[in-house]
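Asker: Next input, structure requested:
(one chain, ligands or ions: 1)
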Amino acid sequence: MRPRQLRALLALALPGAASAWRYHCKLCACDFDKLKNYDSHMVGKRHLHNVAAEQGVWDDWQASGWWFRGSVSREEVTREFSLDQFVDGLPGRSRSSTGRVLGSGVNDGQLDPGLMLGSLPDGKRAALWRYCRDLGRRCGRGPAPAAHAWPAMLAELEPRYCRVKELLESGET
Ligand SMILES: [Zn+2]
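Answerer: This next block holds a predicted model:
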């Protein structure tokens, strides 16, 4: 997901409502309305990359220290991070009210800034770990000295005091 897209999603509309998508790739967390598009996705670069990476993601999750939760299914952690999926059901703060739950029907909400990592349900926690893991790998690709900054930082986070919204937003830079 591009930073601009992410920013837009965090700040503005979170699409709810029933989707008309007919084909779904669980691993890549994406939807298609035409079989043709689904078929080309299944042989495409993004999908094949996710298939190849699946085992590695699962292994990393097992070794993720305080992040790890035994109740999380393989599918929950190996599928690609999707912001829509992630925020669905989380507490939001909208212009008109607080304490609303994000997801279906809520289209002017944003994630509650006070939501802490430590209070996420296990599945959401795993999704957020996945998001951070992928960020860390992206950093590691460059020659920058920050190659291992992300994993190291993540290992030192204190989940009770770590704001979910801030973590998501830190991926934008
Ligand atoms: Zn796929």
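
Asker: use CA for all of it now, contacts and neighbours both
Answerer: Noted.

Asker: Residue 55: what's it in contact with?
Answerer: Contact partners of residue 55, counting by CA atoms under 8 Å, 6 or more residues apart in numbering, are absent.

Asker: change it to 10 Å
Answerer: By CA atoms under 10 Å, 6 or more residues apart in numbering, the contact set of residue 55 is 61, 74, 78.

Asker: Tally up the residues packed near the last one, please.
Answerer: So that's residue 78. 24 (other CA atoms under 10 Å).

Asker: how close does residue 88 sit to residue 37?
Answerer: Per CA to CA, to the nearest Å, residue 88 is found 25 Å from residue 37.

Asker: Please produce JSON lines containing the contacts of residue 55, extended by secondary structure and pLDDT.
Answerer: JSON lines is the format used below for the contacts of residue 55 (DSSP: H, G, I helix; E, B strand; the rest coil; pLDDT from 0 to 100):
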{"residue": "61", "secondary structure": "helix", "pLDDT": "93"}
{"residue": "74", "secondary structure": "helix", "pLDDT": "96"}
{"residue": "78", "secondary structure": "helix", "pLDDT": "95"}
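
Asker: tell me which parts of the chain are close to the ion?
Answerer: Within the chain, the positions adjacent to the ion are 25, 28, 47 by CA under 5 Å from the ion.

Asker: Please check the residues you listed and keep the buried ones.
Answerer: 28, 47 (16 or more other CA atoms under 10 Å).

Asker: Next step: the residues of the chain next to the ion restricted to helices.
Answerer: Counted as lying in helices by DSSP state H, out of these, are residue 47.

Asker: burial of residue 63, as a residue count?
Answerer: Residue 63 has 11 neighbouring residues, counting by other CA under 10 Å.

Asker: oh sorry, the question was meant for residue 66
Answerer: Other residues lying near residue 66 total 12 when counted by other CA under 10 Å.

Asker: Could you verify my assumption that residue 29 touches residue 81?
Answerer: Yes: in this structure residue 29 lies within contact range of residue 81 using CA atoms under 10 Å: 7.2 Å.

Asker: Which one of those two is surrounded by more residues?
Answerer: The neighbour count for residue 29 versus residue 81, taken as other CA under 10 Å, is higher for residue 81 (23 against 14).

Asker: right, and that one touches residue 28 too?
Answerer: Yes: the pair residue 81 / residue 28 is scored as a contact, 7.9 Å apart, by CA under 10 Å.
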